[in-house]
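Visitor: I would like to see how this sequence folds:
(one chain, ligands or ions: 1)
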Amino acid sequence: MERGLEDMSSILKVEDLVKYYGEGENQVRAVDHTSLQIERGKFTAIVGRSGSGKSTLLHLIGGLDRPDSGKVWIDGTDIYSRKDDKLAQFRRKKIGFIFQDFNLIPSLNVWENIVLPLGLDNRKVKPREVEDILKKIGLQDKKDAMPSALSGGQKQRTAIARALVTRPAIILADEPTGNLDSQTELEVMSLLKSCVSDFGQTLIMITHDETIAQMADEMIIIEDGKAVRR
Ligand SMILES: Nc1ncnc2c1ncn2[C@@H]1O[C@H](COP(=O)(O)OP(=O)(O)OP(=O)(O)O)[C@@H](O)[C@H]1O
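Guide: Have a look, this model is predicted:
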């Protein structure tokens, strides 16, 4: 019974996850028998030294890569029990990604990049909702611009809007404010935090920034592929 209650509040459960790269002497234990649980509607910061395995863990949590062993449950679903196409479908519905390098489509303008995940999931675009997000991230006058005409910060904000547009249960972010000036960084952080408080979304963010890590409800430290909660 207790276990059941515990599971209900956790949106994400990682059990004994392992991902090694290479073999023999050159083997890198990027994720080394890691287990953790994250509660719904919380902001969790993942911190750790460069090369400790943060990005690999985030990719595995988001179903972008497959582990050597171990399990990941999202909202009660054992994601790696699904075949690739079903996993991709699940990912599109449940998870919003914000990557370090934005991954915008160069041939699409800001608006088209933002609404792309809706189209992939056969969902209708609600222009007012998109306008609302554009306004929140301060890009309303850039919606027709192509990515090549945007600054690094504007590209990053477009990527953030794209991750938020489907209102995913989980937002996975890898250093999302790394390229922003400190004022914009604070605005983006307050937008992401409001997703957690206003919409009950769960935010899991890798950051090197101690100030941002301090804003989180929980902090997970990664050391040599292992997770320690602080
Ligand atoms: N595709 C890959 N092939 C081989 N080794 C890899 C691969 N991806 C990551 N690694 C190695 O796995 C380890 C963990 O990498 P990862 O990118 O997860 O660390 P990180 O903590 O996110 O680092 P950073 O803070 O610098 O982004 C590193 O030693 C890295 O070199």
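Visitor: buried residues in stretch 48-62?
Guide: By neighbour count on 16 or more other Cβ atoms under 10 Å, the buried set for stretch 48-62 is Gly48, Ser52, Gly53, Lys54, Ser55, Thr56, Leu57, Leu58, His59, Leu60, Ile61, Gly62. Glycine gets a C-beta too; all of them are placed from N, C-alpha and C.
Visitor: so what's the residue sitting nearest the centre point of the chain up against?
Guide: When Cα atoms, centre = their mean is applied to the chain, the residue found nearest the centroid is Leu172 (0.9 Å). Contact partners of Leu172, counting by Cβ atoms under 8 Å, 6 or more residues apart in numbering, are Leu58, Ile61, Gly62, Ile95, Gly96, Phe97, Ile98, Ile204, Met205.
Visitor: could you redo the last one with a cut-off of 10 Å?
Guide: When contacts are counted by Cβ atoms under 10 Å, 6 or more residues apart in numbering, Leu172 touches 12, 46, 58-59, 61-64, 91, 95-99, 163, 202-206.
Visitor: can you map out the helices along this structure?
Guide: 2-9, 54-61, 84-94, 110-120, 127-136, 152-164, 182-199, 210-215 (DSSP state H).
Visitor: Now render those helices as a markdown table, adding distance to Ile222 and mean pLDDT.
Guide: Below are the helices of the chain laid out as a markdown table (distance: least, Cβ to Cβ, whole Å; pLDDT from 0 to 100):
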| stretch | distance to Ile222 | mean pLDDT |
| --- | --- | --- |
| helix 2-9 | 23 | 50 |
| helix 54-61 | 5 | 96 |
| helix 84-94 | 22 | 92 |
| helix 110-120 | 28 | 93 |
| helix 127-136 | 30 | 89 |
| helix 152-164 | 22 | 89 |
| helix 182-199 | 20 | 83 |
| helix 210-215 | 12 | 90 |
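Visitor: For the ligand, which of those helices is the nearest?
Guide: With Cβ to the nearest ligand atom as the measure, helix 54-61 is the member of those nearest the ligand (3.3 Å).
Visitor: With only the CA atoms kept, save the closest one in CSV.
Guide: The C-alpha trace of helix 54-61 is given here as CSV (Å, rounded to 0.1, in the frame of the first residue of the first chain):
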residue,chain,number,x,y,z
LYS,A,54,24.4,14.4,-16.5
SER,A,55,23.5,14.6,-20.1
THR,A,56,23.6,10.9,-20.6
LEU,A,57,21.2,10.4,-17.7
LEU,A,58,18.8,13.1,-19.0
HIS,A,59,18.8,11.5,-22.4
LEU,A,60,17.9,8.2,-20.9
ILE,A,61,15.2,9.7,-18.7
